Structures are given as structure tokens and as C-alpha cells.
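Engineer: quick one, what's the 3D model for this:
(4 chains)
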4 protein chains.
Amino acid sequence: MQLGMIGLGRMGANMARRVMSKGHQCVVQDPNADAVARMVAAGAVGAASLQEMASKMDKPRAVWMMVPAGIVDKVLDDLIAHLDPGDIIIDGGNSYYRDDIDRAKKLKDAGFHYVDCGTSGGIAGQDRGYCLMVGAEQEVFDHLTPIFQALAPGVEAAARTPGVMGNPSNAENGFLHCGPNGAGHFVKMVHNGIEYGMMAALAEGFNILKHANIGKQQHVTDAETAPMREPQYYQFDIDVPQVAELWRRGSVVGSWLLDLTAKAMAQDPELAAFGGRVSDSGEGRWTIQAAIDEGVPTQVLSAALYDRFSSQGQAKFANQILSAMRAEFGGHAEKKA
Amino acid sequence: MQLGMIGLGRMGANMARRVMSKGHQCVVQDPNADAVARMVAAGAVGAASLQEMASKMDKPRAVWMMVPAGIVDKVLDDLIAHLDPGDIIIDGGNSYYRDDIDRAKKLKDAGFHYVDCGTSGGIAGQDRGYCLMVGAEQEVFDHLTPIFQALAPGVEAAARTPGVMGNPSNAENGFLHCGPNGAGHFVKMVHNGIEYGMMAALAEGFNILKHANIGKQQHVTDAETAPMREPQYYQFDIDVPQVAELWRRGSVVGSWLLDLTAKAMAQDPELAAFGGRVSDSGEGRWTIQAAIDEGVPTQVLSAALYDRFSSQGQAKFANQILSAMRAEFGGHAEKKA
Amino acid sequence: MQLGMIGLGRMGANMARRVMSKGHQCVVQDPNADAVARMVAAGAVGAASLQEMASKMDKPRAVWMMVPAGIVDKVLDDLIAHLDPGDIIIDGGNSYYRDDIDRAKKLKDAGFHYVDCGTSGGIAGQDRGYCLMVGAEQEVFDHLTPIFQALAPGVEAAARTPGVMGNPSNAENGFLHCGPNGAGHFVKMVHNGIEYGMMAALAEGFNILKHANIGKQQHVTDAETAPMREPQYYQFDIDVPQVAELWRRGSVVGSWLLDLTAKAMAQDPELAAFGGRVSDSGEGRWTIQAAIDEGVPTQVLSAALYDRFSSQGQAKFANQILSAMRAEFGGHAEKKA
Amino acid sequence: MQLGMIGLGRMGANMARRVMSKGHQCVVQDPNADAVARMVAAGAVGAASLQEMASKMDKPRAVWMMVPAGIVDKVLDDLIAHLDPGDIIIDGGNSYYRDDIDRAKKLKDAGFHYVDCGTSGGIAGQDRGYCLMVGAEQEVFDHLTPIFQALAPGVEAAARTPGVMGNPSNAENGFLHCGPNGAGHFVKMVHNGIEYGMMAALAEGFNILKHANIGKQQHVTDAETAPMREPQYYQFDIDVPQVAELWRRGSVVGSWLLDLTAKAMAQDPELAAFGGRVSDSGEGRWTIQAAIDEGVPTQVLSAALYDRFSSQGQAKFANQILSAMRAEFGGHAEKKA
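Structural biologist: Reported below is the predicted structural model:
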């Protein structure tokens, strides 16, 4: 089968390589000519423009966009000028699912098919495969199934769930038709919301281990400092990187995120390369907004998101107010950082 | 009636003044001779030492300690060497209620009476009166009632609760016998826990108002930044100090903490005098630990406490881990602060 | 001055009464003829329809809508059919501020002026006055100022903020021109978000006090129950209604919400009339969504919202998953409620 | 090597089987004679009492206790009456690490060695192996290493961390000497705290998916209900069990907890066997208490704990207060459940 790939960054290039490695043909395009050249060297058909790309593809075309959420609409507008009715456009990035719903409607009126495909796997996906969450019309999903199969990890990537038998389902192979347009990115959005929560759970726990020797430190006695009680219970110098490694086998918290934490700590035990400003990139926010629309409590997922906001300095004015109140009612002078 | 006062800092000196203003006698002691001299000038009997203090008081003595929680045990040990069985010692500071329970037991064996008195009111208390939460034996509470009445705001400080009639209760006057030893500081501890939560609610809300013009700013389009959708809805330049003033009258969030916020912002609209490092001083922590022992959920009170920890830089290692994970799975470079 | 009032429910009727008590004329309308008749008896001009209302008013008309957020658009459509260019429509309910922005734009094109006015004060507002947060064009705000003054509590409702002098500002009188259309309901929205947080802070704290005798209860010893350590520290039978009363005077947590809590508990100490299903009505949700759009952390305000969702039973499926996981990894049988 | 095992419940029996399967001898004891008999049939040496157990073991004895945290002290007292100086007692259950520190001190004075061993793996551990977190004197840890090796999963249970080379460390094999006494259960405690957070992250996310069709439902329009905006974006009927299966391969949230969730949902898609009352059993609470002592923020881990408390009905009084406040300020009647 033939697939067009627009956007040859971290994700797009690796995905095209994986698709080709499974025997499919890729026609690739990117504003960066070097990126296109590298893929041509790897066996792809290169295109210097979207027009050229379209001209090199068989109909009905299937074109996968792997570009930042912020420029999808622009690329889409440019692209459809060169496509024909019946062609399929797949947005594999991190678009907001509401945009998918709106776009799909517009494109349908113009005769195109739209697919939203949430893609998890990160930079390791070329080897491990990509977990694909698809929103699409049924026939379009069916038509693209060979591509999804090529990208997905396959059932052998994990032991089958006890009690599940017969031919592996699509989900077991690592891709799923989640529903009509929007459903794919909706599921991916929630996936990322969960990711934020799991990451924070691990990070908070390791932070507790890191401070387990606080009883060894001297403590100030003044009205502005909570007294340290029972320092004898906080005398542990925990080897945090070793604990990360330890939990990878046999423990309840075993997970790919833990694997990555162990890897990062094995290279840099103090993580000194990082200052602690944690970005967020949309899906975490949208997850909470969906939860609120649904009236579903998400204490954990929200807390994880807000901690990132705080790490970005966004709590500053609130904290200034707190210090100001304390000065007003208690005459407390703010401690210096 | 006669009251001894040990500790003439922000709180102790003002409380002694209020007690004297209501016609009682105060015998005062503090390591700082100037502080003693100032109170003598204000009509108190001064004492250069705890021994001298004891010698100048009638039996049974009632001695109020207003010292940092961290040195209560030391002062107590020094003090009781000069007291006699039947004397009363009041801890009016912010001791952990568990210490009260343990101390009361020990002191009782030695023939003394112990009182734990949670005191709210801050530096404004000399004028407004102090809200007193008392843990004590019944007779001891009764004996000290004139002092509590002198310190408390009195019923006229607020309109009576609709439906409550007859002679004002102690609670309406602003002091309450909360239970046996420990109960006073237990109630004060929870009071402070609530205070953290109310402060945070106000601070978070004002922070939202402060950022209501975010739609006017330029936004970056990259994979590390959540896109700003619909900037047309974030074009407000809210006069935050005026809103604080506004809400003081007629609104549901009217409160003393809001009054103080309005005052602080009237003086310094940007609160530039504060950097945003918010101290915590024990009671907030103990409140959460009590809630956990009781199995009672405290999402809000805990969140307020943790935000203070974060403002103190204590989330740093957790945040480094998050950035490290993001680098591992997505190749995301950490943005600089 | 003359004011039209549409919607004579809890809020609208009381507001009209207050406006009339300050010497203004009210023309009132409501689908419920009895409600109109009651207001006519109180001195208002009644109208059986919006058409009749319009016919009885001087131009430029100023019509205040006090109707549920869900039907504002419908009422508005019906209303403007009877109005003339230059007339003013005020939405005093709890509309989403984004609707205000959109509505104002449309109405402006049709020659009308729109005002969004967040109104706090609840059923007590007729006596206490209403705190008004206004989004409007400057001239329209100026034109309506006599009405705002009539509704607002006035500066005497609270002591002036120390350091603030001269003629009281609008904010000190209890109303504020927060900005262009939308700004009024934006500020009101955040106000309600804060309200949720403050309410939760108080409620959580009282819940801790309520359970302070947990050490007196028998505890189960099995692998499914967290053991009770040190029950000797949880032996307090706190008189919770008296504590609510106590804190009203002199304490840091003094607030109108506390006054109301004390009132409710004075009538019904166990609050047995309530089952604990807590509604939310829009503003709390929108506050969080604004915070997320702004990238501002709101741990406390969100937690308060989610606790309401949980009280509505919305955590159920999540909790079933947790019990299922525990059964899977630990063979834990779920305890019965 | 020889190991005594006290407590043949879910965990103890399986651990003894695994130890024996690796060529070691087990002497087993349990109040339940049938449980002992079953283990004798499986090759263990049975003992009808602790005395008999001691008499059947070689010195220095190594006795592993696998009993509920609440009865450890009692079993320990009974046990040491039959042991000799130099013997080793291992607590493999879920004791509070502070008890370990205190117990180890006492036992050391009596000539015994104490080991605290946090054990993760649950009922699957017999096959998968157990992840072991050990607090012990160095020589004692070394002496017991063959047992730990038998219990642990071994390095082959997961791919080695990229960049880690040479002979596998203990941590890679699945056991770690975390530090002196207490360190083992400290690390296990934090492990379980993380577990709570990861579980909640998954559960909250699936709950959002479950409610993604809320836009299809009818919605009430009244002042007590937050209006549903844009129902067109909540029209998805997500197959939640299939999503759980999907994410097991290639996604960032892949984890053992997800595997278990998929398994539970494969058997019972609605999880109807569970009502949603989620127990907690100590470690989650202690984790938060440690974090607070350390001053480390744990928004996520705490939120997960409190949600369990809420599921147990412990928020009820707080929620009644909220409904009462709403009735007071807004005249809102509480909706029925």
C-alpha cells in the first residue's frame, strides 16, 4: 500500500521508516529538504512540494500529516488544493478532538475523508511500534488497516490478557477504531491526561525518597518554620536510581514510564541536566476540560497538570498574595528564597 | 484578677495590654529587658526572671506562656521550678495538641494544672480581641474565665446568629471550652488548616483575574507549548485591587482574609514587596496528619499546604524527573525558565 | 430612574424591591402572574408581557433580566422584538462571560447596549445589598450608576480599608465597572470559584472536628483496613456548632460563609436535613476552564469542584476500577458499604 | 539454605513455594493447620507451633513473618521466646517503617537481628517473582541474599536498562538493600503511595472515557444544574475495555496496573461485581505523613488517598455543610440522590 507522509520531524520520519520496513511505499514531504533527502536515501519517494506529492500518489490517496497541532489547519488548506474527492487525510498529531469533528464535517462536504489518529510511542516507536487510536468512518478505517497494522506493535509486544482467546483483536495488535471522527484524538487526549498523572505519581514518590534524610539536617527554630519532629525517623540516604531500577521487576508500579525514569537516572543520578520547568502541550489541559464538561472528578489528573503550571512560575501572584496576607494578619516577614 | 505573661513578642505584649485594659493586673517576663520595660511603662509589673515573676504573683498563680512552639518545653521546665502545686500554666501559642496531652499528664502528676489555649487574632487582636479555643479541666476553665472574657472580642463584635437568643454563650463572646487538655490546640490547629485553604482559594482566584489578559500576548507555536485557543475571550485588564475592595461588601466571599488582601493591595497593587515564598508553620501540616489518621478527605486543605511547599522549592526533584521522562519518551528539550 | 425587571424569582423580586426602596420606579414582568401581582402590591408597575413592559417604559429603556442562564438567549430574543435602538439590556444572572461577549457584539450591531452584571448577595441581598460586577461600555455604565448604587450595599457596610481615604470609590460602595462586556461575569465567575474553595475549606475543617473522637471507636484488624495508631490522641467530642459560632469573632477564618454555617448548625446541629449531594451550577466549572486556558494553577478551586462531582456519584466507575485492580493484584475483596 | 515462614495466607504460602522451587528448605507455621498441611504436601517441613518451628531449624535461624501489620508485635513476642541470640527475624509484611526502627533497636539489645523487607508482587508473585526492598545490617543482608535471590524475579524479567552493563546488580535482579532498619519498609511505603497515584490516574482517565457520551443525554435546565454546553462534542460511545487492551502495547501508559485493568474488564466490562468502595491499608496514609514531615508536595498521591476516603463515605459531613451553606445563601434546595 502507498502512504503519503507530511512532516518528517521526530515522529513522522520514524513512522515512515516503520511503514516502509513492513513493505509499504511512502511518499514524503517536509519544508526541510534535507529531511526529505534523508528519507529518500532510506527508500522513500521524495516530494519538494505538496503539489508534487499529490502528483506522485495513486488515487484514492492516503496522506498522513505529522505536524504540530498549531499548523494543521494551514497545512490542510494547502494540501486539499492538490487532492481529489475520495482522498483520505489522516491527522496523526496531537490535534484537539473538537477540531477533528469540525474539520471532518467541512472536508466531507468537499468530498474528502478525514481520519484522526492519536499516536503514542514517542521516539521509541520506530522499534516498539506505535499505539494508534483512530477516529474515522468505518470503510475508511478498514481501507487503512494495513497501514495501522504496519505501525502498531503487534500482539506479541505483550503477553495476551489471561482469558482472552482466538484471533487477536485490533486492540491487541495495538490499534483501535475508537469511533467516528474525533474519537481517536479524544482517546489519545485522555491517554495523555493519564500519562501526566502517572508521571506525577512516580515523580512525587521519588521526591519523598530523595528527602528521606531530612532528619540529618539542622533545623531553624522560629515562628516561620514548621518544626521537625522525630528526626530519628528521617535518617535514610536512599539510592534513588537503584530504587527506580529495582521496581522495574515484579513490583506493582512497573511501567514504561518507570523504565524511562530508571534509564534517565542511570545516566545522570541527580538529573542535573534538568532545572525542573515542566512543559505541557495541550492534551493535559483538554482532558481536564472534558472531565469538567462531563462532571467527572479528576483530582489526580488536574493536580498533575497544575504542578506543571507551578513549575512554569504561574503560581507567583497567588503566592505573593499569600505572603501579603500572612504579613497582614501575623506580621510575618517573608523568608528569602 | 492577676495574670503572668511570659513572652512579650508580637502576640504576648498585645495580649497583656488588652488584659490590663480590662482592669486586670499583669506580671510580665521576657528575656528582652526592653520589652519588659515597655510593658512596665504600660502599667505591668515587670520581672527580670521567672523566679522573680513567681515571687511577685499571688497563689494559685496563673501564668500564660506566649512563646514559639519549639521552646515551650524548655520554658516550662524552667518555670515549674518556681511554681507551687495548684498553680496554672497556660500555653497560648501554637503547640501541637499531642504535646499538650502529654504535658498535661506529666504536670498533673506534679500537682500543676495545664491549659492549652489556641489564640487567633494576630497582630490586630489587641483591638479586635482574640478568639480563644481552650482545652482544660472544667474548674480551671471556670477559674480563668475572667481572663478569657478580657481577651475575647465579646458578643458585639458580630451580629448575633439569627435564631440564637438569651444570654450570649461563651462561644458568642469569643472563647470556648473545647474539651479536655489538647482540645484547645486541636481546634486551633484545624482553624489554621482552614485558614490555609481559604487563603489559597482567594489567592488562586485573584491569580486568574490577574492573567485575564493573556489573550493579548503573543504565543509561541511549538510542540512544547500548549496552544492558546480563542484569545478573544482573554482580553480583560482587571483592576485586581479594586475587585478585592469590591467583594468586601455584600458578596459571598466576604471575610477578614479578604479585608486584609484589599488592604495589602491598596498599599502595593502589584505586591512587589513579596517574592512568593510562602512559609508554613506547623498547624497546616498537623491538620492534614489528623485528617489522615481520621480517614477524612481533605483535598482542599492539603492542596493549600502543598502549594506552600512548592513555593519553597520543594517540588524541584519531582519536576526534574518529569522533564527527564519527557526527554526520554518524546525527545522534548526542557524550556528554560 | 426607571428600571425594567424580567424574572421575579428569589433574586429578581428582592432586587426590584431594593431598587424601589431607594426611590426608583420598577416595571416588572414574569410568566408567573402571581409574582407580578405581588410586586405591583409592593409598588411596581406590572406588565403581563414583554410587549406591555416595553410599552410602559420611557426611552432609552433599561431592562434587567434575572433569569436562569439556560434561557437567557430565548428571553433576549423575545425581548428585543419590543425594544428600540439605544435601549439597554442588563443580564444580571449567572451567564457564561463568553456568551456575554458574543451577545454584546450581536446586539451592538442591532443598535442595542448590553450589560453583563455579576450579582452576589443571594437571598440576603435585599437587606445587605448586592455586590455588583459590571461589564459594559463606559457611558452605559455611567448612565446606570444610580441603579447600581441603589442595589449595592454602600460603603458603610464594612469599615473602610485602612489607608484608603477621600470619597468612597464605586468599589467601596459595592459595585465596579470591571471592563468591557464579559468582564462583569468573568469577575463574578471567579468570585464563585473562590466561593467553592472557601466553602470546601470550612467544610473539610469541620469534618475533621466531627471525627476527632475516632479513637473511642473499635477498630477492625484485617489486611483491608488501615490500622488506627495512637487512639489516645483522638478522644475529643467537639461541639461543632459551638466552634462555628466561636470562630465568628476575632478569628482569622471569620467570613460570611462561616456566619451562615453557624446559623445552619444552630438550627440543626447534625445537619440531618441534608444528605450531602452538593450541586454545582456552572461558574465553578467555568472558573477552572479559564484557569486552564490561562495556565494558572488552581489546585484548591478544582479540588472543591471535584468533591462536588464526587458527592453527585460521578466517581463511581473510577472507584469500581480501583477495587477491580486491588482484587487483581492483591486478591482483595471489596468491603461492603 | 533454610527459611522459616510464619503466616501461610495469600502471600506467605506462595513465597514459601517459590523459595522451595529454587532449592531451599522451608519450615512453615500457621494457626491454620490445614494451611500447614498443604505446604507439607508441597515439600515443606511443617510445625504445629512456633516452639516446634524453632526446634526444627538450624542456627542461626532465619524466620520470615508474613502476617497482618496489626499483629506483628504479638507474633514477634511469641516467637522470640523460642529463638536464640544471633537468629534473624524478617518482617516481610506491610509494617510501618517506624515500628521497624523501634523493634530493631529492642531486638538488637536482646541479641537478635531484625530485617524489614517490603514485598511487592501480590498474588502473582509466585510466578513473576517478588520485588524486595530490604532494611537490614549489611552482614545480615549478605547472609540472606540467597533467599532474596530465590524470591526476586531475576534480571531476565525485564530488558536491561539501556547503558547499564556488566554483572546485573541486586536491584536489577529485583531486590535491594535500601539501608538500615526501616529503610526497606520506607521504600515499600512510598512504592505503595505511588501505586495509589498511578491507579487513580488510570481510573480517572477511564471514567472520562466512560462518560464521553454525556452529550446524548437529556439535560435539566434549572438553577441547580450546570448547563451542558456543546453536547455535539460528547457523542462518543467508547469501548472502554478495548481501550484498556489497546494501551497495553506501545503506549506511554503501559504498565502492570493497566494489564490488570484490561484483565478485569475483559471478564466484566461494566465491573458490576464492584460497588466502588475502595479500601486503603496504611501505606498510602503513611506516605503522605512522611511527605508532610519532609515538606515535600504530594498533590497527586494525596488526592488518590482522599478519593478512597470519599469512596468510603467519609466526606459526608463536609458535604452536608456545603449543602447547608448553599441553602443559607442561595435558598438552594438539595437535589436528591
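Engineer: need the contact list for A:L83.
Structural biologist: A:54, A:61, A:63, A:89, A:112 (CB atoms under 8 Å, 6 or more residues apart in numbering or on different chains). From N, CA and C alone the C-beta is placed, and that goes for glycine too.
Engineer: which of those fall in strands?
Structural biologist: Counting by DSSP state E, the part of these found in strands is A:63, A:89.
Engineer: mind checking which helix or strand the residue nearest the centre of chain A is in?
Structural biologist: Nearest residue to the geometric centre of chain A (CA atoms, centre = their mean): A:N192, 5.3 Å. Secondary structure assignment for A:N192, by DSSP states H and E: helix A:183-210.
Engineer: tell me what angle that helix forms with helix D:183-210.
Structural biologist: Calculated by axes from the mean of the first three to the mean of the last three CA atoms, to 10 degrees, helix A:183-210 forms an angle of 160 degrees with helix D:183-210.
Engineer: please name the nearest non-neighbouring residue to the residue nearest to the centre of chain A.
Structural biologist: A:E283 (3.5 Å; CB to CB, 6 or more residues apart in numbering or on different chains).
Engineer: quick check, pLDDT for the one you found.
Structural biologist: pLDDT for A:E283: 94.
Engineer: thought it was touching A:Y97?
Structural biologist: No - contact criterion CB atoms under 8 Å: A:E283 and A:Y97 do not qualify, at 9.6 Å.
Engineer: need the residues touching each of these two.
Structural biologist: Joint contacts of A:E283 and A:Y97 (CB under 8 Å, 6+ apart) are A:M189.
Engineer: in the stretch 51-200 of chain A, which spans are helices?
Structural biologist: A:72-80, A:97-109, A:125-128, A:138-151, A:170-173, A:183-210 (DSSP state H, counting those that start in this stretch).
Engineer: which of these has the lowest average pLDDT?
Structural biologist: Taking the mean pLDDT of the helices of the stretch 51-200 of chain A, helix A:125-128 comes last: a mean of 92.
Engineer: quick revisit: of the helices of the stretch 51-200 of chain A, flag the one that's most buried.
Structural biologist: Compared across the helices of the stretch 51-200 of chain A, helix A:183-210 shows the largest average neighbour count, a mean of 29 (mean count of other CB atoms under 10 Å in any protein chain shown).
Engineer: tell me which other helices or strands the helix or strand just after that one touches.
Structural biologist: Once the chain leaves helix A:183-210, the next helix or strand it forms, by DSSP H and E, is helix A:240-246. Here helix A:240-246 touches helix A:183-210, helix A:256-267, strand D:131-135, helix D:170-173, strand D:175-179, going by 3 or more CB pairs under 8 Å, 6 or more residues apart in numbering or on different chains; DSSP states H and E.
Engineer: can we see that at 7 Å?
Structural biologist: helix A:183-210, helix A:256-267, helix D:170-173, strand D:175-179 (3 or more CB pairs under 7 Å, 6 or more residues apart in numbering or on different chains; DSSP states H and E).
Engineer: what sits up against the third one?
Structural biologist: Contacts of helix D:170-173 with the rest of the structure, by CB atoms under 7 Å, 6 or more residues apart in numbering or on different chains, involve A:242, A:245-246, D:149, D:152, D:154-155, D:160, D:176-177.
Engineer: farthest pair in those residues?
Structural biologist: Largest separation among the contacts of helix D:170-173 by CB to CB: D:R160 and D:H177, giving 20.2 Å.
Engineer: the two - which one has more neighbours?
Structural biologist: Higher neighbour count among D:R160 and D:H177: D:H177, with 24 against 14, using other CB atoms under 10 Å in any protein chain shown.
Engineer: quick one: that one from D:K22, how far?
Structural biologist: In this view, D:H177 and D:K22 are 20 Å apart by CB to CB, to the nearest Å.
Engineer: quick one: is stretch A:99-109 near chain B?
Structural biologist: No - with CB under 7 Å from any CB of the partner chain as the criterion, chain B is not reached by stretch A:99-109; the gap is at least 9.2 Å.
Engineer: quick one: is that stretch near chain D?
Structural biologist: Yes - residues of stretch A:99-109 contacting chain D under CB under 7 Å from any CB: A:I101.
Engineer: helices or strands up against the worst-scoring helix or strand of chain A on mean pLDDT?
Structural biologist: Here the helix or strand of chain A ranked lowest by mean pLDDT, DSSP states H and E is helix A:125-128, holding a mean of 92. If you count contacts as 3+ CB pairs under 7 Å, 6+ apart, helix A:125-128 packs onto helix A:10-21.
Engineer: tally of neighbours for the residue nearest to A:N192?
Structural biologist: For A:E283, using other CB under 10 Å, the count is 25.
Engineer: on that earlier part again, any chance of the contacts of helix D:170-173 in JSON lines, plus distance to C:H219?
Structural biologist: Shown next, in JSON lines, are the contacts of helix D:170-173 (distance: CB to CB, whole Å):
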{"residue": "A:Q242", "distance to C:H219": "37"}
{"residue": "A:E245", "distance to C:H219": "38"}
{"residue": "A:L246", "distance to C:H219": "33"}
{"residue": "D:Q149", "distance to C:H219": "38"}
{"residue": "D:A152", "distance to C:H219": "34"}
{"residue": "D:G154", "distance to C:H219": "40"}
{"residue": "D:V155", "distance to C:H219": "42"}
{"residue": "D:R160", "distance to C:H219": "45"}
{"residue": "D:L176", "distance to C:H219": "33"}
{"residue": "D:H177", "distance to C:H219": "34"}
